[in-house]
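S.K.: Here's a sequence, model it:
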Amino acid sequence: MIYVLGIILVAMVLLAFVVPIILNRTGVVSHSESAHAMLTDQLGEVERDVSRGLISPEDGRSATVEIQRRIIATHRKESPTSASSSSGVWAMVLAAAFVPIAATFLYLSIGSPMIPSIIFADFSGERDVLTKQDALTQRLFLQLSSEENGGETEGWLLLANAYMGMGKYNKAADAYGRILDRDEVTFEEFGQFAEASILHENGVVTPMAERALNRSLQMEPGNIAGIYYKSFALAQSDQLGAAYSLLVSRLARADGIPTWMESFIAQANFYGEKLGKAPILLSNFAPVLKGPTAEDVADASDLSVEDRNAFIYSMVEQLAARLEDEPDDLDGWLQLARAYTVLGDQDQVVLTYRQAEPLTEVLPDSDQRKILVRAVSEAVIDDPDNQSSLPSVIAQLGSRITNTVRYGSAGNVRVEFINDPTADHFEIKITIADGWHVNAHLPLDDYLVPTSLTQDGSAIIDTIYPSGTIKSLSFDEAPLALYEGAFSLRSKKFEGAMVPPRKIMLTFQACSDEVCLPPEDMIFVLW
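M.R.: Next up is the predicted model:
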C-alpha cells in the first residue's frame, strides 16, 4: 500500500512542475523588448519632469531626442527570437523523472524496506507507562515526605532506585541524601548517592559526592563503586597517578574474574595512557593456580624422601599438563620453574624459564616477574656454564627483587618489604612521619580502616601485629587505637615446592590531626 501511495505522490509532483513549463513555452521576453519598454518609461518620466518644472524645456527636448535615438538603435541591433527553449524544458522533465526513480532504487539497495514500522499506538503505550511512572513516584515522594518519621528507609531506597532507572539522577540523589544520616545506612547507600550525583553532573565529582565516597570507603575499603568513582575525583584534582594506582590495586586483589574488571581496566588504561604507561590486560589479573592446600603439604611432610618426590612430581606433571592447554599463564610457568628448581631438575628449569620469557614482554619494566625472568635469563640461560648454580642464583635474585621500599600517603608512610630466602617468615617495616598515624589492626570503631595484611585476598592468620597506642585527637575526643612512628609486621611463609608466587597486600589509611587520606593498598610478590 505504501508503495502505491509513493507512486501517486511522485506523479503529482511531476505534474505540478512539468505541466506549467510545457504550457508556458512562449513566456520568455527577449532583450530588445525589455529594453524598448524601459526606454519608453524613461520618455514618460522626462515629460513629467518638464511639466513639474524639475528640468527646463530645452533639457527635456535634448533628453527626449537621446532616448528616441537609443530606441531606434535597439531595434536595429536585435531581431525577435524565440523565447522558449525546448531542450531546457525536456532536461527539467528528465531530471524530475530520474530523481525519484534513483532514490527508490537506492532505498531498495541499502535501505531497510522489510523492517516493520512502529505503530503510533506503541509510542502512545510507552508514553502512558512513563506518565504512570511519574505519577507513582510523585505519589510515593509526597507520602514519604509527609510522614512524621521522615519516611521509611526502604521507601526512600525504592524511590531512589526508581529515579535512577528513569534517568532522573538529581531526584535520585535527593532521595538517597534523605537517609544518609540514619544508623542503618551502609556503604552502598553512600556510594549510590555519590553515583547519582556524579551522573547528574555529567561525570564531575562535586565536594558533596566526594565526601560520600570517602565515607563509603571508610565503611568498606574494597567496595567497587566507591573505588571506581573515587578515581574520578582523584583524576579531577590532577592526581592521575593516584587514580591509576587505586584501580590497579583493587584489580590485583580481585577474586576470580568479576564483571566489573573490564570497566576498571578500561578506566585504568584511560589514566595510564595519559601517564605514558603500557596498557594492562585482563589476563594480568586472571586467577592463578593456587597450588597445594595446607593439608596436601602436611600429608607430604610425613612421607619418605622418595615418596615425597614422587608426590611432588605428580603435582608438577598436572601443572605442566595444564600449561600445555593454557600456555599464556605466566604465573603458572613461574610456579613450575620453582618446583623444578626445588627438585633439582636443571634442564627443566631452563626450558620453563624460556617458556615464560616471551610472556613478560608486555609487562612494565617495574613488574617483579619480568625482573626475575630477565635476570635469570641473563645470569643463567644465556650462559650454560652457570646452570649448575641455578638454585643459588634464583635465591639471590628473589631476595634482591623482593626487598622493596615504597612510599605512600604523599610520602608520609615508608614501607619496606623484607623477604629473606633463608628465613621462614617475611617482614614489613613501616615508618610514619611525625604528625601522622595509621589505624591499628584492631581499631576501636568498625568504620575505621584497619592496618592489615592479606594474601591472595584472604587474611594472613599468622601475622604478628603490634599493639596500638590509645589516644584522642584534637578533632575528636573519642579514643582511637593508632600506630605511630616505626613498627613492623611479621608473617610466616607457606613453604613447599609447588607453592606459587603469592600476592601480599598491605592495607592502611594515613591520617593527621586535620585530614584523613584515602585508604591505600600496597602489593608485594612473595617468591
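
S.K.: The stretch 151-300 of the chain: helices as residue ranges?
M.R.: 153-166, 169-177, 187-200, 207-219, 224-236, 240-252, 261-275, 294-301 (DSSP state H, counting those that start in this stretch).

S.K.: What is the longest one packed up against?
M.R.: Where contact means 3 or more Cβ pairs under 8 Å, 6 or more residues apart in numbering; DSSP states H and E, helix 261-275 is packed against helix 224-236, helix 240-252. Heads up, the C-betas are built off the backbone N, CA and C, glycines and all.

S.K.: Dump these to CSV, plus mean neighbour count.
M.R.: CSV is the format used below for those (neighbours: other Cβ atoms under 10 Å):
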stretch, mean neighbour count
helix 224-236, 22
helix 240-252, 21
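
S.K.: Turn those helices into CSV, including mean pLDDT.
M.R.: Output for the helices and strands packed on helix 261-275, formatted as CSV (pLDDT from 0 to 100):
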stretch, mean pLDDT
helix 224-236, 91
helix 240-252, 85
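
S.K.: Tell me the span between the first and last residue of stretch 409-426.
M.R.: Stretch 409-426 has an end-to-end distance of 23 Å (Cα to Cα, to the nearest Å).

S.K.: Indicate which one of the helices and strands packed on helix 261-275 is closest to L336.
M.R.: helix 240-252 (21.9 Å; Cβ to Cβ).

S.K.: Put the alpha carbons of the closest one into PDB.
M.R.: This file holds the C-alpha atoms of helix 240-252, laid out as PDB (Å, rounded to 0.1, in the frame of the first residue of the first chain):
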ATOM      1  CA  LEU A 240      46.200  10.700  37.700                       C
ATOM      2  CA  GLY A 241      48.900   8.500  39.300                       C
ATOM      3  CA  ALA A 242      46.800   8.000  42.400                       C
ATOM      4  CA  ALA A 243      43.700   7.300  40.400                       C
ATOM      5  CA  TYR A 244      45.600   4.700  38.300                       C
ATOM      6  CA  SER A 245      47.100   3.000  41.400                       C
ATOM      7  CA  LEU A 246      43.700   2.900  43.100                       C
ATOM      8  CA  LEU A 247      42.100   0.900  40.300                       C
ATOM      9  CA  VAL A 248      45.100  -1.400  39.700                       C
ATOM     10  CA  SER A 249      45.400  -2.200  43.400                       C
ATOM     11  CA  ARG A 250      41.800  -3.300  43.500                       C
ATOM     12  CA  LEU A 251      42.200  -5.300  40.300                       C
ATOM     13  CA  ALA A 252      45.100  -7.100  41.900                       C
END
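
S.K.: Could you check the angle that helix makes with helix 261-275?
M.R.: Per axes from the mean of the first three to the mean of the last three Cα atoms, to 10 degrees, the angle that helix 240-252 makes with helix 261-275 is 150 degrees.

S.K.: rewinding a little: same list (the helices of the stretch 151-300 of the chain) but as CSV, adding distance to F426.
M.R.: Listed next are the helices of the stretch 151-300 of the chain as CSV, based on distance: least, Cβ to Cβ, whole Å:
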stretch, distance to F426
helix 153-166, 45
helix 169-177, 43
helix 187-200, 31
helix 207-219, 27
helix 224-236, 27
helix 240-252, 18
helix 261-275, 28
helix 294-301, 18
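
S.K.: which intervals of the stretch 301-450 of the chain have sub-threshold pLDDT?
M.R.: For the stretch 301-450 of the chain, the stretches flagged by pLDDT under 70 are 301-312, 342, 366-368, 378-405, 410-411, 421-422.

S.K.: mind redoing it with 80?
M.R.: Along the stretch 301-450 of the chain, the parts satisfying pLDDT under 80 run over 301-316, 318-319, 331-332, 334-335, 337-347, 350, 363-412, 419-424, 446-447.

S.K.: Would you map the helices across it?
M.R.: With DSSP H, counting those that start in this stretch, the ranges of helices along the stretch 301-450 of the chain come out as 305-325, 330-343, 346-356, 368-376, 390-402.

S.K.: Can you give the domain ranges for the chain?
M.R.: 1-22+89-110, 31-76, 140-283, 294-401, 404-526 (automatic domain parsing).

S.K.: Any chance of TSV for the ones you listed, columns distance to D134?
M.R.: Output for the domains of the chain, formatted as TSV (distance: least, Cβ to Cβ, whole Å):
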stretch	distance to D134
domain 1-22+89-110	35
domain 31-76	67
domain 140-283	8
domain 294-401	51
domain 404-526	37
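
S.K.: Ok, which of those comes nearest T131?
M.R.: Checking the domains of the chain against T131 by Cβ to Cβ gives domain 140-283 as the closest, at 11.8 Å.

S.K.: quick one: contacts for G222?
M.R.: Counting by Cβ atoms under 8 Å, 6 or more residues apart in numbering, G222 touches 250, 253.

S.K.: And it, how close does it get to V449?
M.R.: 10 Å (Cβ to Cβ, to the nearest Å).

S.K.: What of E273?
M.R.: From E273 across to V449, the span is 30 Å (Cβ to Cβ).

S.K.: same deal with E416?
M.R.: From E416 to V449 the distance is 21 Å (Cβ to Cβ).

S.K.: same thing with L199?
M.R.: Applying Cβ to Cβ to L199 and V449 gives a distance of 27 Å.

S.K.: What of Q218?
M.R.: For Q218, the distance to V449 - Cβ to Cβ - is 6 Å.
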